[in-house]
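have a look; sequence and predicted model below, questions after that.
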Amino acid sequence: MAELSDVSREILERLRRLREADAATHGGRVLSYVYDSGLAELDELSAEAMRLVQPVNGLDPTAFPSVAALERDVVGFARQMLHGDADTVGSITSGGTESCMLAVKTARDVWAAAQVSGDPATQPMLALRPRIIAPATVHAAFHKAAHYFGLDLDLVPVDATGQVDVNDLRARFGPDVALVVVSAPSYPFGVLDPIADVASAAAHHGIPCHVDACIGGFALAWWGDDLPPWDLAVPGVTSISADLHKYGYAPKGASVLLQRDRDRQRQQFFATARWPGYPVVNATLLGSKSAGALAAAWAIVQRLGGEGFAELVSSCRRSTEKLHTRIDDIVGLRVVGSPTGPLLAVETDATVPKRSRVDPHHWADRVSELGFTLQLQPGFTQSNGLTLPHTTHLTITPVTERMLPELTAALTQAADDVRGKARATPRFAVQALRMSGALGRELTADRAQALLSRFGVGANPGNAGSASTPLPAKMAPLIALVEQLPSEFAERLLIEVLARQVEPPTAP
(Lines give C-alpha, C1' and ligand atoms only; values in the text may rest on other atoms or scores of the structure.)
Protein backbone atom coordinates (compact mmCIF):
# COMPACT_ATOMS: atom_id res chain seq x y z
CA MET A 1 0.00 0.00 0.00
CA ALA A 2 1.40 3.39 -1.01
CA GLU A 3 2.50 5.78 1.74
CA LEU A 4 0.24 8.84 1.99
CA SER A 5 1.71 12.29 1.67
CA ASP A 6 1.15 14.95 4.32
CA VAL A 7 -1.33 16.66 2.01
CA SER A 8 -3.30 13.46 1.58
CA ARG A 9 -3.37 12.87 5.33
CA GLU A 10 -4.63 16.41 5.86
CA ILE A 11 -7.39 15.82 3.30
CA LEU A 12 -8.50 12.67 5.08
CA GLU A 13 -8.47 14.48 8.40
CA ARG A 14 -10.80 17.11 6.95
CA LEU A 15 -13.11 14.30 5.83
CA ARG A 16 -13.07 12.82 9.34
CA ARG A 17 -14.06 16.18 10.79
CA LEU A 18 -16.95 16.44 8.31
CA ARG A 19 -18.11 12.97 9.31
CA GLU A 20 -18.37 14.08 12.93
CA ALA A 21 -21.56 15.97 12.06
CA ASP A 22 -23.25 12.87 10.59
CA ALA A 23 -25.77 10.66 12.30
CA ALA A 24 -24.10 7.69 13.97
CA THR A 25 -23.94 4.75 11.56
CA HIS A 26 -22.93 2.25 14.23
CA GLY A 27 -23.93 1.56 17.80
CA GLY A 28 -27.70 1.39 17.52
CA ARG A 29 -28.46 5.05 18.25
CA VAL A 30 -30.09 5.75 14.88
CA LEU A 31 -33.24 3.69 14.31
CA SER A 32 -33.65 4.47 10.59
CA TYR A 33 -31.48 4.70 7.48
CA VAL A 34 -28.63 2.51 8.80
CA TYR A 35 -28.45 -1.24 9.36
CA ASP A 36 -25.74 -2.16 11.81
CA SER A 37 -25.05 -5.87 12.15
CA GLY A 38 -23.00 -5.23 15.27
CA LEU A 39 -20.20 -7.32 13.76
CA ALA A 40 -17.07 -5.24 13.22
CA GLU A 41 -15.61 -8.02 11.08
CA LEU A 42 -18.25 -7.42 8.41
CA ASP A 43 -17.22 -3.76 8.15
CA GLU A 44 -13.60 -4.70 7.62
CA LEU A 45 -14.50 -7.47 5.20
CA SER A 46 -16.73 -5.25 3.06
CA ALA A 47 -14.20 -2.39 3.06
CA GLU A 48 -11.45 -4.67 1.78
CA ALA A 49 -13.75 -6.22 -0.82
CA MET A 50 -14.63 -2.75 -2.10
CA ARG A 51 -10.97 -1.80 -2.24
CA LEU A 52 -10.17 -4.86 -4.36
CA VAL A 53 -12.66 -3.83 -7.06
CA GLN A 54 -12.19 -0.08 -6.71
CA PRO A 55 -11.06 0.54 -10.33
CA VAL A 56 -13.52 -1.93 -11.89
CA ASN A 57 -16.31 -0.62 -14.13
CA GLY A 58 -19.47 -2.64 -13.62
CA LEU A 59 -20.77 -1.46 -17.00
CA ASP A 60 -19.33 -4.38 -18.93
CA PRO A 61 -19.00 -7.84 -17.36
CA THR A 62 -17.39 -9.12 -20.56
CA ALA A 63 -14.40 -6.87 -19.85
CA PHE A 64 -14.59 -7.46 -16.09
CA PRO A 65 -15.81 -11.06 -15.65
CA SER A 66 -15.39 -10.75 -11.88
CA VAL A 67 -18.51 -8.56 -11.89
CA ALA A 68 -20.54 -11.30 -13.58
CA ALA A 69 -19.20 -13.91 -11.15
CA LEU A 70 -20.08 -11.82 -8.10
CA GLU A 71 -23.53 -11.03 -9.43
CA ARG A 72 -24.22 -14.69 -10.27
CA ASP A 73 -23.39 -15.74 -6.73
CA VAL A 74 -25.46 -13.04 -5.03
CA VAL A 75 -28.47 -13.53 -7.32
CA GLY A 76 -28.21 -17.27 -6.76
CA PHE A 77 -28.24 -16.81 -2.98
CA ALA A 78 -31.23 -14.46 -3.20
CA ARG A 79 -33.06 -16.83 -5.54
CA GLN A 80 -32.75 -19.66 -3.04
CA MET A 81 -33.61 -17.39 -0.12
CA LEU A 82 -36.76 -16.07 -1.82
CA HIS A 83 -37.87 -19.49 -3.15
CA GLY A 84 -37.29 -18.93 -6.83
CA ASP A 85 -36.72 -21.82 -9.21
CA ALA A 86 -34.33 -22.62 -12.04
CA ASP A 87 -36.07 -20.12 -14.33
CA THR A 88 -35.78 -17.25 -11.84
CA VAL A 89 -33.17 -14.68 -12.86
CA GLY A 90 -32.16 -11.32 -11.49
CA SER A 91 -29.95 -8.27 -11.34
CA ILE A 92 -28.04 -6.35 -8.71
CA THR A 93 -29.10 -2.70 -8.63
CA SER A 94 -27.95 0.43 -6.82
CA GLY A 95 -30.74 0.20 -4.23
CA GLY A 96 -34.40 -0.36 -3.55
CA THR A 97 -35.53 2.62 -5.58
CA GLU A 98 -33.78 1.36 -8.69
CA SER A 99 -35.11 -2.16 -8.14
CA CYS A 100 -38.66 -0.83 -7.85
CA MET A 101 -38.24 1.43 -10.86
CA LEU A 102 -36.96 -1.45 -12.98
CA ALA A 103 -39.89 -3.63 -11.91
CA VAL A 104 -42.24 -0.87 -13.09
CA LYS A 105 -40.29 -0.26 -16.32
CA THR A 106 -40.43 -3.98 -17.08
CA ALA A 107 -44.15 -4.15 -16.40
CA ARG A 108 -44.82 -1.13 -18.60
CA ASP A 109 -42.91 -2.59 -21.52
CA VAL A 110 -44.50 -6.03 -21.16
CA TRP A 111 -47.94 -4.40 -21.02
CA ALA A 112 -47.25 -2.23 -24.08
CA ALA A 113 -45.95 -5.21 -26.08
CA ALA A 114 -49.10 -7.16 -25.23
CA GLN A 115 -51.28 -4.35 -26.57
CA VAL A 116 -49.40 -4.28 -29.88
CA SER A 117 -49.42 -8.04 -30.39
CA GLY A 118 -52.87 -8.75 -28.96
CA ASP A 119 -56.42 -8.67 -30.23
CA PRO A 120 -57.06 -5.67 -32.52
CA ALA A 121 -59.98 -4.83 -30.26
CA THR A 122 -57.46 -3.93 -27.56
CA GLN A 123 -55.60 -1.43 -29.72
CA PRO A 124 -57.42 1.60 -28.28
CA MET A 125 -55.70 0.79 -24.96
CA LEU A 126 -52.47 2.13 -26.46
CA ALA A 127 -53.92 5.62 -26.19
CA LEU A 128 -54.21 5.21 -22.42
CA ARG A 129 -51.55 5.44 -19.74
CA PRO A 130 -51.04 2.11 -18.00
CA ARG A 131 -51.76 1.95 -14.28
CA ILE A 132 -49.98 0.62 -11.22
CA ILE A 133 -52.32 -0.51 -8.44
CA ALA A 134 -50.97 -0.56 -4.89
CA PRO A 135 -52.02 0.07 -1.31
CA ALA A 136 -51.58 3.66 -0.15
CA THR A 137 -48.69 2.48 2.04
CA VAL A 138 -46.58 1.43 -0.95
CA HIS A 139 -43.09 2.92 -0.93
CA ALA A 140 -42.53 6.35 -2.48
CA ALA A 141 -40.19 4.69 -5.00
CA PHE A 142 -43.30 3.67 -6.92
CA HIS A 143 -44.47 7.26 -7.04
CA LYS A 144 -41.10 8.07 -8.57
CA ALA A 145 -41.28 5.18 -11.01
CA ALA A 146 -44.76 6.16 -12.17
CA HIS A 147 -43.55 9.74 -12.67
CA TYR A 148 -40.42 8.74 -14.57
CA PHE A 149 -41.97 6.08 -16.77
CA GLY A 150 -45.35 7.60 -17.58
CA LEU A 151 -47.78 5.43 -15.62
CA ASP A 152 -50.64 6.36 -13.32
CA LEU A 153 -50.31 5.24 -9.71
CA ASP A 154 -53.71 4.14 -8.43
CA LEU A 155 -53.47 4.05 -4.63
CA VAL A 156 -55.99 1.93 -2.73
CA PRO A 157 -56.84 3.23 0.76
CA VAL A 158 -55.86 1.15 3.79
CA ASP A 159 -57.41 1.07 7.25
CA ALA A 160 -56.02 2.94 10.26
CA THR A 161 -53.53 0.13 10.94
CA GLY A 162 -52.21 0.01 7.37
CA GLN A 163 -54.11 -3.10 6.26
CA VAL A 164 -55.53 -3.20 2.73
CA ASP A 165 -58.64 -5.12 1.70
CA VAL A 166 -57.99 -7.51 -1.18
CA ASN A 167 -61.45 -6.80 -2.57
CA ASP A 168 -60.65 -3.09 -2.75
CA LEU A 169 -57.56 -3.87 -4.81
CA ARG A 170 -59.44 -6.32 -7.03
CA ALA A 171 -62.13 -3.73 -7.72
CA ARG A 172 -59.51 -1.54 -9.43
CA PHE A 173 -58.38 -4.23 -11.89
CA GLY A 174 -58.78 -3.53 -15.59
CA PRO A 175 -57.05 -4.02 -18.95
CA ASP A 176 -54.94 -0.90 -18.43
CA VAL A 177 -53.30 -2.26 -15.26
CA ALA A 178 -49.65 -3.07 -15.93
CA LEU A 179 -48.68 -4.05 -12.40
CA VAL A 180 -50.00 -4.69 -8.90
CA VAL A 181 -47.57 -3.99 -6.06
CA VAL A 182 -47.67 -5.34 -2.51
CA SER A 183 -45.18 -4.93 0.32
CA ALA A 184 -43.34 -7.34 2.59
CA PRO A 185 -43.67 -5.38 4.78
CA SER A 186 -44.75 -1.81 4.09
CA TYR A 187 -42.34 0.80 5.39
CA PRO A 188 -44.72 3.18 7.21
CA PHE A 189 -46.38 0.65 9.52
CA GLY A 190 -44.52 -2.63 8.99
CA VAL A 191 -47.61 -4.37 7.59
CA LEU A 192 -47.23 -7.55 5.59
CA ASP A 193 -49.75 -7.13 2.77
CA PRO A 194 -52.03 -10.10 1.86
CA ILE A 195 -49.62 -11.19 -0.85
CA ALA A 196 -50.98 -14.65 -1.66
CA ASP A 197 -54.55 -13.39 -2.09
CA VAL A 198 -53.51 -10.38 -4.15
CA ALA A 199 -51.17 -12.39 -6.39
CA SER A 200 -53.86 -15.02 -6.98
CA ALA A 201 -56.44 -12.40 -7.92
CA ALA A 202 -53.94 -10.61 -10.18
CA ALA A 203 -52.96 -13.83 -11.93
CA HIS A 204 -56.63 -14.62 -12.57
CA HIS A 205 -56.85 -11.31 -14.46
CA GLY A 206 -53.50 -11.75 -16.21
CA ILE A 207 -51.86 -8.94 -14.22
CA PRO A 208 -48.28 -9.27 -12.96
CA CYS A 209 -47.60 -8.84 -9.24
CA HIS A 210 -44.46 -7.34 -7.74
CA VAL A 211 -43.51 -7.85 -4.08
CA ASP A 212 -41.56 -4.95 -2.65
CA ALA A 213 -39.47 -6.71 -0.02
CA CYS A 214 -36.71 -4.12 -0.22
CA ILE A 215 -36.66 -3.53 3.51
CA GLY A 216 -37.94 -6.90 4.67
CA GLY A 217 -36.58 -9.49 2.28
CA PHE A 218 -33.34 -10.34 4.07
CA ALA A 219 -35.14 -10.27 7.43
CA LEU A 220 -38.44 -12.04 6.77
CA ALA A 221 -36.62 -14.89 5.05
CA TRP A 222 -35.43 -15.99 8.51
CA TRP A 223 -38.13 -14.40 10.69
CA GLY A 224 -39.82 -17.70 11.47
CA ASP A 225 -42.27 -20.31 10.24
CA ASP A 226 -45.31 -18.38 11.47
CA LEU A 227 -45.46 -16.07 8.43
CA PRO A 228 -47.92 -16.52 5.57
CA PRO A 229 -46.33 -17.06 2.14
CA TRP A 230 -44.96 -13.79 0.78
CA ASP A 231 -42.17 -14.42 -1.73
CA LEU A 232 -41.68 -16.33 -5.01
CA ALA A 233 -43.17 -19.39 -3.36
CA VAL A 234 -46.50 -17.65 -4.00
CA PRO A 235 -47.96 -18.43 -7.45
CA GLY A 236 -48.71 -15.22 -9.29
CA VAL A 237 -45.76 -13.25 -7.91
CA THR A 238 -43.82 -12.26 -11.01
CA SER A 239 -41.01 -10.22 -9.45
CA ILE A 240 -39.57 -9.34 -6.05
CA SER A 241 -37.00 -6.86 -4.75
CA ALA A 242 -34.84 -7.14 -1.62
CA ASP A 243 -32.12 -4.75 -0.50
CA LEU A 244 -28.67 -6.05 0.31
CA HIS A 245 -27.77 -2.75 1.97
CA LYS A 246 -30.54 -3.11 4.55
CA TYR A 247 -30.77 -6.46 6.32
CA GLY A 248 -28.09 -7.84 4.01
CA TYR A 249 -25.73 -5.44 5.91
CA ALA A 250 -23.86 -4.40 2.78
CA PRO A 251 -22.74 -0.79 2.24
CA LYS A 252 -25.06 1.47 0.24
CA GLY A 253 -26.10 0.83 -2.54
CA ALA A 254 -26.91 -2.74 -3.37
CA SER A 255 -30.26 -4.39 -3.98
CA VAL A 256 -31.44 -7.44 -5.87
CA LEU A 257 -34.38 -7.62 -8.27
CA LEU A 258 -35.57 -11.12 -9.19
CA GLN A 259 -37.88 -11.81 -12.13
CA ARG A 260 -39.96 -14.98 -12.37
CA ASP A 261 -38.63 -15.91 -15.83
CA ARG A 262 -36.05 -14.96 -18.40
CA ASP A 263 -38.38 -13.51 -21.02
CA ARG A 264 -39.85 -11.09 -18.52
CA GLN A 265 -36.43 -10.07 -17.25
CA ARG A 266 -35.16 -9.34 -20.75
CA GLN A 267 -37.75 -6.56 -20.98
CA GLN A 268 -35.91 -4.92 -18.09
CA PHE A 269 -32.83 -4.33 -20.27
CA PHE A 270 -31.92 -1.36 -22.40
CA ALA A 271 -29.84 -2.01 -25.50
CA THR A 272 -28.83 -0.01 -28.51
CA ALA A 273 -26.43 -0.44 -31.42
CA ARG A 274 -27.82 2.65 -33.14
CA TRP A 275 -24.89 4.98 -32.67
CA PRO A 276 -21.25 5.01 -33.85
CA GLY A 277 -19.82 3.93 -30.51
CA TYR A 278 -19.71 0.59 -28.72
CA PRO A 279 -22.99 -1.38 -28.40
CA VAL A 280 -24.67 -0.44 -25.13
CA VAL A 281 -26.48 -3.14 -23.13
CA ASN A 282 -27.64 -2.29 -19.60
CA ALA A 283 -29.60 -4.49 -17.24
CA THR A 284 -30.10 -1.55 -14.88
CA LEU A 285 -30.59 2.20 -15.10
CA LEU A 286 -26.91 2.96 -14.61
CA GLY A 287 -24.23 2.64 -17.26
CA SER A 288 -20.79 2.96 -15.77
CA LYS A 289 -21.02 1.98 -12.11
CA SER A 290 -18.91 0.95 -9.20
CA ALA A 291 -18.63 -2.72 -8.38
CA GLY A 292 -17.84 -1.84 -4.77
CA ALA A 293 -21.20 -2.40 -3.12
CA LEU A 294 -21.70 -5.60 -5.13
CA ALA A 295 -18.32 -6.95 -4.01
CA ALA A 296 -19.06 -6.06 -0.39
CA ALA A 297 -22.49 -7.69 -0.57
CA TRP A 298 -20.95 -10.80 -2.11
CA ALA A 299 -18.33 -11.00 0.62
CA ILE A 300 -20.92 -10.62 3.40
CA VAL A 301 -23.19 -13.25 1.85
CA GLN A 302 -20.22 -15.62 1.61
CA ARG A 303 -19.25 -14.91 5.21
CA LEU A 304 -22.69 -15.15 6.82
CA GLY A 305 -24.56 -17.67 4.70
CA GLY A 306 -28.07 -18.63 5.71
CA GLU A 307 -27.05 -19.58 9.24
CA GLY A 308 -25.36 -16.24 9.90
CA PHE A 309 -28.29 -14.25 8.57
CA ALA A 310 -30.70 -16.34 10.65
CA GLU A 311 -28.73 -15.59 13.81
CA LEU A 312 -28.79 -11.84 13.17
CA VAL A 313 -32.50 -11.89 12.36
CA SER A 314 -33.19 -13.75 15.61
CA SER A 315 -31.61 -10.84 17.46
CA CYS A 316 -33.79 -8.39 15.53
CA ARG A 317 -36.93 -10.35 16.37
CA ARG A 318 -36.13 -10.52 20.08
CA SER A 319 -35.51 -6.78 20.22
CA THR A 320 -38.60 -5.96 18.16
CA GLU A 321 -40.87 -8.00 20.41
CA LYS A 322 -39.41 -6.47 23.57
CA LEU A 323 -39.71 -2.93 22.21
CA HIS A 324 -43.27 -3.57 21.04
CA THR A 325 -44.24 -4.71 24.52
CA ARG A 326 -42.38 -1.85 26.24
CA ILE A 327 -43.90 0.86 24.03
CA ASP A 328 -47.42 -0.51 24.53
CA ASP A 329 -46.77 -0.29 28.29
CA ILE A 330 -46.00 3.45 28.04
CA VAL A 331 -49.14 5.38 28.93
CA GLY A 332 -50.19 7.56 26.02
CA LEU A 333 -48.43 5.61 23.25
CA ARG A 334 -49.11 2.44 21.30
CA VAL A 335 -47.69 0.54 18.36
CA VAL A 336 -49.81 0.82 15.23
CA GLY A 337 -51.58 -2.42 14.34
CA SER A 338 -49.79 -5.77 14.23
CA PRO A 339 -46.53 -5.24 12.35
CA THR A 340 -44.51 -8.07 10.80
CA GLY A 341 -40.74 -7.86 10.83
CA PRO A 342 -38.27 -5.46 12.46
CA LEU A 343 -40.27 -2.25 11.92
CA LEU A 344 -42.53 -0.44 14.37
CA ALA A 345 -44.70 2.66 13.98
CA VAL A 346 -45.83 4.41 17.16
CA GLU A 347 -48.90 6.61 17.51
CA THR A 348 -50.76 8.44 20.25
CA ASP A 349 -53.03 6.21 22.30
CA ALA A 350 -56.29 8.09 21.88
CA THR A 351 -58.09 5.79 24.34
CA VAL A 352 -56.53 7.51 27.36
CA PRO A 353 -57.45 11.01 28.65
CA LYS A 354 -55.84 13.92 26.77
CA ARG A 355 -53.64 14.82 29.72
CA SER A 356 -52.12 11.33 29.53
CA ARG A 357 -51.54 11.22 25.79
CA VAL A 358 -48.08 11.40 24.23
CA ASP A 359 -47.60 13.02 20.84
CA PRO A 360 -45.24 10.71 18.89
CA HIS A 361 -43.43 13.61 17.24
CA HIS A 362 -42.71 15.50 20.46
CA TRP A 363 -41.68 12.14 21.86
CA ALA A 364 -39.23 11.54 19.00
CA ASP A 365 -37.72 15.00 19.40
CA ARG A 366 -37.21 14.40 23.12
CA VAL A 367 -35.75 10.93 22.47
CA SER A 368 -33.26 12.61 20.14
CA GLU A 369 -32.16 14.89 22.97
CA LEU A 370 -31.60 11.75 25.05
CA GLY A 371 -29.27 10.28 22.43
CA PHE A 372 -31.37 8.18 20.03
CA THR A 373 -32.68 9.21 16.59
CA LEU A 374 -36.15 8.06 15.55
CA GLN A 375 -37.97 8.92 12.31
CA LEU A 376 -41.03 11.19 12.25
CA GLN A 377 -43.82 10.31 9.78
CA PRO A 378 -46.61 12.78 8.96
CA GLY A 379 -50.28 11.93 8.98
CA PHE A 380 -51.72 11.20 5.55
CA THR A 381 -55.23 11.73 4.23
CA GLN A 382 -56.22 9.09 1.68
CA SER A 383 -58.53 9.39 -1.30
CA ASN A 384 -61.47 8.07 0.75
CA GLY A 385 -61.00 10.76 3.39
CA LEU A 386 -59.55 8.46 6.06
CA THR A 387 -56.49 10.03 7.64
CA LEU A 388 -53.69 7.71 8.69
CA PRO A 389 -52.13 8.76 12.01
CA HIS A 390 -48.96 10.75 12.37
CA THR A 391 -46.40 8.36 13.79
CA THR A 392 -42.80 7.79 14.76
CA HIS A 393 -40.96 4.98 12.99
CA LEU A 394 -38.35 2.63 14.47
CA THR A 395 -36.15 0.30 12.44
CA ILE A 396 -34.63 -2.41 14.64
CA THR A 397 -31.27 -3.96 13.78
CA PRO A 398 -29.10 -6.64 15.43
CA VAL A 399 -27.11 -4.07 17.38
CA THR A 400 -30.34 -2.80 19.00
CA GLU A 401 -30.32 -5.75 21.38
CA ARG A 402 -27.22 -4.63 23.25
CA MET A 403 -28.67 -1.10 23.52
CA LEU A 404 -32.10 -2.14 24.81
CA PRO A 405 -31.67 -1.08 28.46
CA GLU A 406 -30.49 2.43 27.51
CA LEU A 407 -32.96 2.74 24.63
CA THR A 408 -36.02 1.68 26.62
CA ALA A 409 -35.02 4.03 29.41
CA ALA A 410 -34.81 6.91 26.90
CA LEU A 411 -38.18 6.02 25.35
CA THR A 412 -39.81 5.95 28.77
CA GLN A 413 -38.17 9.15 30.01
CA ALA A 414 -39.06 11.03 26.83
CA ALA A 415 -42.71 10.03 27.12
CA ASP A 416 -42.79 11.21 30.74
CA ASP A 417 -41.24 14.52 29.70
CA VAL A 418 -43.76 15.36 26.93
CA ARG A 419 -46.91 13.64 28.18
CA GLY A 420 -49.94 15.92 27.82
CA LYS A 421 -48.15 18.33 25.46
CA ALA A 422 -50.39 19.23 22.50
CA ARG A 423 -49.09 18.30 19.07
CA ALA A 424 -47.40 20.97 17.01
CA THR A 425 -49.76 22.86 14.73
CA PRO A 426 -48.81 25.55 12.19
CA ARG A 427 -52.48 26.29 11.49
CA PHE A 428 -52.17 30.07 11.92
CA ALA A 429 -49.04 30.24 9.78
CA VAL A 430 -50.77 28.31 7.00
CA GLN A 431 -53.83 30.55 7.27
CA ALA A 432 -51.57 33.58 6.91
CA LEU A 433 -50.05 32.06 3.78
CA ARG A 434 -53.49 31.50 2.30
CA MET A 435 -54.62 35.05 3.09
CA SER A 436 -51.45 36.49 1.57
CA GLY A 437 -52.01 34.56 -1.64
CA ALA A 438 -48.61 32.88 -1.35
CA LEU A 439 -50.09 29.42 -1.88
CA GLY A 440 -51.31 30.44 -5.31
CA ARG A 441 -48.04 31.88 -6.58
CA GLU A 442 -45.29 30.10 -8.44
CA LEU A 443 -42.48 29.26 -6.06
CA THR A 444 -39.15 30.34 -7.48
CA ALA A 445 -36.05 29.20 -5.63
CA ASP A 446 -35.62 32.57 -3.89
CA ARG A 447 -39.31 32.82 -2.96
CA ALA A 448 -39.28 29.32 -1.55
CA GLN A 449 -36.17 30.13 0.49
CA ALA A 450 -37.78 33.30 1.83
CA LEU A 451 -40.79 31.30 3.01
CA LEU A 452 -38.56 28.71 4.63
CA SER A 453 -36.76 31.44 6.54
CA ARG A 454 -40.12 32.73 7.80
CA PHE A 455 -40.79 29.27 9.21
CA GLY A 456 -37.35 29.10 10.79
CA VAL A 457 -36.21 26.33 8.48
CA GLY A 458 -32.67 26.62 7.16
CA ALA A 459 -31.25 25.46 3.88
CA ASN A 460 -27.49 25.91 4.04
CA PRO A 461 -26.09 27.52 7.18
CA GLY A 462 -22.58 27.35 5.72
CA ASN A 463 -23.50 29.50 2.70
CA ALA A 464 -22.09 32.95 3.35
CA GLY A 465 -24.29 34.46 0.67
CA SER A 466 -27.51 32.94 1.95
CA ALA A 467 -30.10 34.39 4.30
CA SER A 468 -31.00 30.88 5.44
CA THR A 469 -31.09 29.74 9.04
CA PRO A 470 -30.01 26.36 10.43
CA LEU A 471 -32.36 23.41 10.28
CA PRO A 472 -34.55 23.28 13.39
CA ALA A 473 -33.40 21.14 16.29
CA LYS A 474 -36.95 19.90 16.76
CA MET A 475 -38.63 18.26 13.76
CA ALA A 476 -42.21 18.08 15.05
CA PRO A 477 -43.14 21.60 13.86
CA LEU A 478 -41.63 20.98 10.42
CA ILE A 479 -43.48 17.69 9.92
CA ALA A 480 -46.70 19.34 11.10
CA LEU A 481 -46.15 22.01 8.47
CA VAL A 482 -45.75 19.34 5.79
CA GLU A 483 -49.09 17.86 6.91
CA GLN A 484 -50.96 21.18 6.81
CA LEU A 485 -49.72 22.60 3.51
CA PRO A 486 -51.06 21.47 0.12
CA SER A 487 -48.92 18.55 -1.06
CA GLU A 488 -47.46 20.28 -4.12
CA PHE A 489 -46.54 23.33 -2.06
CA ALA A 490 -44.94 21.29 0.72
CA GLU A 491 -43.00 19.22 -1.81
CA ARG A 492 -41.62 22.36 -3.44
CA LEU A 493 -40.42 23.69 -0.09
CA LEU A 494 -38.80 20.37 0.75
CA ILE A 495 -37.01 20.41 -2.60
CA GLU A 496 -35.61 23.81 -1.69
CA VAL A 497 -34.39 22.61 1.70
CA LEU A 498 -32.49 19.69 0.16
CA ALA A 499 -31.26 21.57 -2.90
CA ARG A 500 -29.72 24.35 -0.84
CA GLN A 501 -27.91 21.92 1.41
CA VAL A 502 -25.43 21.17 -1.38
CA GLU A 503 -25.15 24.57 -3.06
CA PRO A 504 -21.61 25.97 -2.98
CA PRO A 505 -21.25 29.16 -0.89
CA THR A 506 -21.58 32.46 -2.69
CA ALA A 507 -19.54 35.57 -2.07
CA PRO A 508 -20.71 37.65 0.95
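Yep, it's here.

would you say residue 285 is within a helix?
No - Residue 285: not assigned to a helix; according to DSSP: H, G, I helix; E, B strand; the rest coil it is coil.

I'd say it and residue 102 touch.
Yes - with contact defined as Cβ atoms under 8 Å, residue 285 reaches residue 102; the gap is 6.9 Å. Any C-beta I mention is one placed from the backbone N, CA and C, and that applies to glycine too.

so which of those two has more stuff around it?
The residue with more neighbours, out of residue 285 and residue 102, is residue 102; 26 against 16, by other Cβ atoms under 10 Å.

who touches that one in this structure?
Applying Cβ atoms under 8 Å, 6 or more residues apart in numbering, we find residue 102 in contact with 91, 93, 257, 268, 284-285.

ok, these vs residue 228, which is closest?
Distances from residue 228 to those, taken as Cβ to Cβ, are shortest for residue 257 (22.6 Å).

overlap of the contact sets of residue 285 and residue 102?
With contacts taken as Cβ under 8 Å, 6+ apart, residue 285 and residue 102 have residue 93 as neighbours in common.

buried residues in stretch 12-19?
Using 16 or more other Cβ atoms under 10 Å as the test for burial, stretch 12-19 gives no buried residues.

need the mean per-residue confidence for that stretch.
Confidence over stretch 12-19, taken as the mean pLDDT, stands at 93.

and it, how far out from the chain middle?
Shown here is stretch 12-19, whose average C-alpha point lies 28 Å from the average C-alpha point of the whole chain (Cα atoms, centre = their mean, to the nearest Å).

same question, stretch 370-383
With Cα atoms, centre = their mean, you get 14 Å for stretch 370-383.

measure it end to end?
Criterion Cα to Cα, to the nearest Å; first-to-last residue distance in stretch 370-383 is 38 Å.

give me the contact list for that stretch.
Counting contacts by Cβ under 8 Å, 6+ apart, the residues outside stretch 370-383 that touch it are 23-24, 29-33, 136, 155, 157-158, 188, 345, 360-361, 364, 367-368, 387-395, 406-407, 410-411, 413-414, 475-476, 479-480, 482-483.

from the residues you listed, which land in strands?
With DSSP state E as the criterion, strands contain 155, 345, 387-388, 391-395 from among the contacts of stretch 370-383.

can you point out the buried residues in the helix or strand of the chain with the lowest mean pLDDT?
Sorting the helices and strands of the chain by mean pLDDT, DSSP states H and E puts helix 427-436 at the bottom, at a mean of 73. For helix 427-436, the neighbour count (16+ other Cβ under 10 Å) marks 429-430, 433 as buried.

stretch 42-56 now?
Of the residues in stretch 42-56, those buried by neighbour count under the rule 16+ other Cβ under 10 Å are 42-43, 45-46, 49-50, 53, 56.

list just the nearest of the residues you listed to residue 340.
Minimum distance to residue 340 across those is 25.5 Å, recorded for residue 42 (Cβ to Cβ).

let's verify that closest one: helix, strand, or coil?
helix.

ok but residue 323 is inside a helix, no?
Yes - using three-state DSSP, the assignment for residue 323 is a helix.

so how far is residue 171 from it?
The span separating residue 323 from residue 171 equals 37 Å under the rule Cβ to Cβ, to the nearest Å.

who has more neighbours out of these two?
Set residue 323 next to residue 171 and count neighbours by other Cβ under 10 Å: residue 323 wins out with 22 against 11.

how close does that one sit to residue 91?
For residue 323, the distance to residue 91 under the criterion Cβ to Cβ works out to 35 Å.

where are the low-confidence patches of the stretch 1-150 of the chain?
Per-residue confidence of the stretch 1-150 of the chain (counting by pLDDT under 70) places the weak regions at 1, 118-127.

at 90 what do you get?
Along the stretch 1-150 of the chain, the parts satisfying pLDDT under 90 run over 1-2, 21-23, 60-62, 114-128.

show me the strands in it, by range?
Taking DSSP state E, counting those that start in this stretch as the criterion, the stretch 1-150 of the chain contains strands spanning 89-93, 131-135.

which one of the ones you listed lies closest to residue 355?
For residue 355, the closest of these is strand 131-135, at 35.1 Å, according to Cβ to Cβ.

out of the ones in strands among the contacts of stretch 370-383, which are buried?
For the ones in strands among the contacts of stretch 370-383, burial is judged from neighbour counts taken by 16+ other Cβ under 10 Å, and it is met by 155, 345, 388, 391-395.

quick check, nearest of these to residue 86?
The shortest approach to residue 86 among those belongs to residue 395, at 34.3 Å (Cβ to Cβ).

ok, that closest one - contacts?
When contacts are counted by Cβ under 8 Å, 6+ apart, residue 395 is found next to 31-33, 35, 215, 342-343, 375.

ok, residue 345 next?
With contacts taken as Cβ under 8 Å, 6+ apart, residue 345 has the following neighbours: 162, 188-190, 335-337, 339, 377, 391-394.

close enough to count as contact, residue 82 and residue 230?
No - in terms of Cβ under 8 Å, residue 82 does not count as a neighbour of residue 230; the distance is 9.3 Å.

okay, and the common contacts of the two?
Both residue 82 and residue 230 are contacted by residue 213, under the criterion Cβ under 8 Å, 6+ apart.

with neighbour numbers in mind, choose between the two.
The neighbour count for residue 82 versus residue 230, taken as other Cβ under 10 Å, is higher for residue 230 (29 against 26).

checking that one next. Helix, strand or coil?
For residue 230, the assignment made with three-state DSSP gives coil.

contacts only, for it.
Shown in contact with residue 230 (Cβ under 8 Å, 6+ apart): 184, 192, 195-196, 211, 213, 220.

for it, give its distance to residue 183.
Relative to residue 183, residue 230 is positioned 9 Å away (Cβ to Cβ).

now for these two: what residues contact both?
Common neighbours of residue 230 and residue 183 are listed as 192, 211, 213 (criterion: Cβ under 8 Å, 6+ apart).

these two touch, right, the last one and residue 242?
Yes - taking Cβ under 8 Å as the definition, residue 213 is a contact partner of residue 242 at 4.7 Å.

got any residues that touch both of these two?
Here residue 213 and residue 242 have residue 82 as joint contacts, going by Cβ under 8 Å, 6+ apart.

how's this protein carved up into domains?
The record, using automatic domain parsing to delimit domains, assigns the chain the ranges 51-300, 427-501.
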